[in-house]
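Trainee: Structure of the sequence below:
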Amino acid sequence: MHAPAPALTKLELYIRLVRLDKPIGTVLLLWPTLSALWLASGGVPSWHLLVIFVLGTFLMRSAGCAVNDYADQDFDRHVKRTAERPITSGRISGKEALAIAAILTIAAFLLILPLNALVKQLSVAAVIIAGTYPYFKRFFAIPQAYLGIAFGFGIPMACAAVLDTVPGWAWVLLLGNVFWTLAYDTEYAMVDRDDDLKIGIRTSAITFGRFDVAIIMLCYGMHLAILLAVGAWFGLGFWFKAGIAVAAGCAVYHYFLIRGRERAPCLMAFRHNNYLGAAVFAGIALDYALR
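Mentor: Sure thing, here's the model as predicted:
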């Protein structure tokens, strides 16, 4: 007989609630934010902005996880992958989760107090979008598109912090991020598709049906095409294009992982998007650094 798993402390449960043990969501938020920060600052961002946006991304992603688990607690118990989450399993109350989310959100807002008014205004929109996303799965056929806006809102905020305005190219980058999020979060949704169909949750994996793999690859293509267009606008050269080429290679690798629509490879493809985002950012940073 196997010994029972040791009981988790409150601190360990809180760590799981905000996904400190699963940082993939934070880096998926961080790469596009850093890319925008580098572009807006001509490749030389100030250290204080870099610290603010890295910490702010971490705090807001953690807060978003707590809100998401609070909103989804009645659904999560019916999904194999999420049944043991702290709220769903009853080891943390909903009030505790909301309190943690509020503390993290306030901490993130305190970080941007030294920044201009436009950044603060955009932060309000970011909080509203992040807080309402979990409820879009109740009625919106492709909630991953809305998630793409939430996950890309660091782009206009980073630009606003540097330029005190949000130029057109930043909104184009945000659109590109929506396509990227549609790609990787549909891969993620493919993992839970059978469970989601039973409980009535709407996801892009269900909406796209048998065209899911083709649409994912189309979204990757749109994301990379938009990045190339923005890179051309900035006159980025070899290293940027090399980064895009590596990112395209990652997307092709994901195709071979997801084409069988099996749970484990689809989850692997989702997590591998860390490398795709890192390749894009590295291309931008290197292109500026090696000029």
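Trainee: Show me where this protein dips below the pLDDT cut-off.
Mentor: Applying pLDDT under 70 to the chain flags the ranges 1-7, 75-83.
Trainee: biggest helix in it by residues?
Mentor: Longest helix in the chain, counting residues (DSSP state H): helix 47-76.
Trainee: Buried residues in that helix, which are they?
Mentor: Residues 49, 52-54, 56-73, 75-76 are the ones in helix 47-76 that count as buried (16 or more other CB atoms under 10 Å). Quick note: C-beta positions are derived from backbone N, CA and C, even for glycine.
Trainee: same deal with stretch 276-291?
Mentor: 276-288.
Trainee: Show residues contacting stretch 281-291.
Mentor: Residues from elsewhere that reach stretch 281-291 (CB atoms under 8 Å, 6 or more residues apart in numbering): 31, 34-35, 38-39, 42-44, 231, 236-244, 246-247.
Trainee: 10 Å - rerun?
Mentor: Residues outside stretch 281-291 that contact it (CB atoms under 10 Å, 6 or more residues apart in numbering): 30-39, 41-45, 227, 230-231, 234-247, 275.
Trainee: Can you flag the buried ones in the residues you listed?
Mentor: Of the contacts of stretch 281-291, these count as buried by 16+ other CB under 10 Å: 30-39, 41, 43, 45, 227, 230-231, 234, 236, 239-240, 243-244, 246-247, 275.
Trainee: Now do the SS call for residue 140.
Mentor: coil (DSSP: H, G, I helix; E, B strand; the rest coil).
Trainee: since we're on it, how many residues are nearby?
Mentor: 16 (other CB atoms under 10 Å).
Trainee: and it, what is it in contact with?
Mentor: 133, 146, 202, 203, 204, 207.
Trainee: Residue 26 too?
Mentor: 18, 19, 20, 54, 57, 58, 59, 60, 61, 62, 65, 274.
Trainee: What distance do you get for the first one to residue 105?
Mentor: Applying CB to CB, to the nearest Å, one obtains 12 Å for the distance of residue 18 from residue 105.
Trainee: Name the residues contacting each of these two.
Mentor: 59, 62, 63, 64, 66.
Trainee: Closest to residue 155 out of those?
Mentor: residue 64 (16.4 Å; CB to CB).
Trainee: name the element the closest residue to the closest one other than its chain neighbours belongs to?
Mentor: Nearest in space to residue 64, with sequence neighbours left out and distances taken as CB to CB, 6 or more residues apart in numbering, is residue 130 at 4.7 Å. In the assignment (DSSP states H and E), residue 130 maps to helix 117-136.
Trainee: Would you mind writing the CA trace of that helix as CSV?
Mentor: Extracted in CSV, the C-alpha atoms of helix 117-136 (Å, rounded to 0.1, in the frame of the first residue of the first chain):
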residue,chain,number,x,y,z
ALA,A,117,-1.6,58.7,-15.9
LEU,A,118,-2.2,56.8,-19.2
VAL,A,119,-0.5,53.7,-17.7
LYS,A,120,-2.9,53.9,-14.7
GLN,A,121,-5.9,54.3,-16.9
LEU,A,122,-4.9,51.3,-19.0
SER,A,123,-4.3,49.3,-15.8
VAL,A,124,-8.0,49.7,-14.8
ALA,A,125,-9.0,48.3,-18.2
ALA,A,126,-6.5,45.4,-17.7
VAL,A,127,-8.0,44.5,-14.3
ILE,A,128,-11.6,44.6,-15.7
ILE,A,129,-10.6,42.3,-18.7
ALA,A,130,-8.7,39.9,-16.5
GLY,A,131,-11.5,39.7,-13.9
THR,A,132,-14.3,39.1,-16.4
TYR,A,133,-12.5,36.5,-18.6
PRO,A,134,-13.5,33.5,-16.5
TYR,A,135,-17.2,34.3,-17.1
PHE,A,136,-16.8,34.5,-20.9
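Trainee: Cheers, nothing more for now.
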